[in-house]
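# requesting a structural model of the entry that follows:
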Amino acid sequence: QVQLVESGGGLVQPGGSLRLSCAASRTIVDRYTMGWYRQAPGKPRELVATITSDGSTNYADSVKGRFTISRDNAKNTPYTVYLQMNILKPEDTAVYYCNLHYRRFPREYDHWGQGTQVTVSS
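Numbers count the residues shown, from 1 in each chain. As a prediction, this is how the structure comes out:
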């Protein structure tokens, strides 16, 4: 079983920045996708950003130009991903979840972190 441990959430004023981190407990496969999702009260969970093992990234339109996802490229390091969030807005307030997705024939797997609260408020 893989565990994902998130850190870096908190309270920040509008226009401020936060950096989220997520580290997996172990590696499993060479090809994978890691990402960040968020869920605000009363709303469904939504994709924020993803990054593949070869470095391809994808962002929700609402965060493009403000958020940057990156990963630790060091060898022999369990999967580690970061989310740098700049110019934060009140609508970014949500619980942020780290996700690890991979395929190991014949199944696909998804692992989730416990979530970290991000609150943007003055």
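
# quick check: residue 9 touching residue 118?
Yes: in terms of C-beta atoms under 8 Å, residue 9 counts as a neighbour of residue 118; the distance is 4.9 Å. C-beta here means a position set from N, CA and C on the backbone, and glycine is covered the same way.

# the two: who's more crowded?
residue 118 (22 against 19; other C-beta atoms under 10 Å).

# give me the element the more buried one is part of.
In this assignment (DSSP states H and E), residue 118 forms part of strand 116-120.

# repeat that for residue 29.
Counting by DSSP H and E, residue 29 is found in no helix or strand.

# again with residue 14
Judged by DSSP H and E, residue 14 forms part of no helix or strand.

# that one - how many residues pack around it?
13.

# what does residue 61 give?
Considering only other C-beta under 10 Å, residue 61 is surrounded by 6 other residues.

# any idea which residue of the protein is furthest from its center?
Largest separation from the mean C-alpha position in the chain: residue 106, at 25.6 Å (C-alpha atoms, centre = their mean).

# state the pLDDT value of that residue.
Note for residue 106: predicted pLDDT of 92.

# which positions within the strand holding residue 118 qualify as buried?
116, 118, 120 (16 or more other C-beta atoms under 10 Å).

# ok, these vs residue 89, which is closest?
residue 120 (6.1 Å; C-beta to C-beta).

# what residues are up against the closest one?
11-14, 16, 88-93 (C-beta atoms under 8 Å, 6 or more residues apart in numbering).

# shaky segments in this protein?
75-77 (pLDDT under 70).
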